[in-house]
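Trainee: Quick check, what structure comes out for this input:
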Amino acid sequence: MDTVDRKKRKEAPIDREKEAREAYDDIIKVITGIDDEKEMRLLLDDLLTESERNDIVQRWLLTEDIFLGKPQREIAAERRMSLCKITRGSRILKKKDGFMVRLLTARYDDHTHI
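Mentor: Got it, this is the predicted structure:
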């Protein structure tokens, strides 16, 4: 089929939601297939800006702080972040079957958290 024929026929619109779901699934497959820390760092350094990496690190740290029972206002002051961001982080820990809850529970199995 030449270029003119392709232009004449209407191409189906791209389903952006489906495309995004499939891309997310592909990302998960790639990440779960990496078992080398250096390779994972290279991937994340390629995919994420410094600001995005910092956001992830801050979310990780504040989630750990909340899990360990540190008051939200104290976290806000120490980490210089808004209570709104901290509230979003605390929602992660409200998922009883959430991965972060399981991860932190396994990490801090001495029951120092609330």
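Trainee: contacting residues around the spatially most central residue of the chain?
Mentor: By C-alpha atoms, centre = their mean, the chain has its centre lying nearest to residue 56, at 6.7 Å. By C-beta atoms under 8 Å, 6 or more residues apart in numbering, the contact set of residue 56 is residue 48. Using the backbone N, CA and C atoms, a C-beta is placed for each residue, glycine as well.
Trainee: check which helix or strand covers it.
Mentor: helix 50-67 (DSSP states H and E).
Trainee: Same question for that helix: list its buried residues.
Mentor: 58, 59, 62, 63, 64, 65, 66, 67 (16 or more other C-beta atoms under 10 Å).
Trainee: a markdown table for those residues, including distance to residue 44 and pLDDT?
Mentor: Below are the buried residues of helix 50-67 laid out as a markdown table (distance: C-beta to C-beta, whole Å; pLDDT from 0 to 100):
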| residue | distance to residue 44 | pLDDT |
| --- | --- | --- |
| 58 | 15 | 94 |
| 59 | 14 | 93 |
| 62 | 19 | 95 |
| 63 | 18 | 95 |
| 64 | 19 | 95 |
| 65 | 22 | 96 |
| 66 | 24 | 95 |
| 67 | 23 | 94 |
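Trainee: Next one: residue 38 from residue 28, what distance?
Mentor: Relative to residue 28, residue 38 is positioned 20 Å away (C-beta to C-beta, to the nearest Å).
Trainee: what's the answer for residue 18, then?
Mentor: Distance from residue 18 to residue 28, by C-beta to C-beta: 16 Å.
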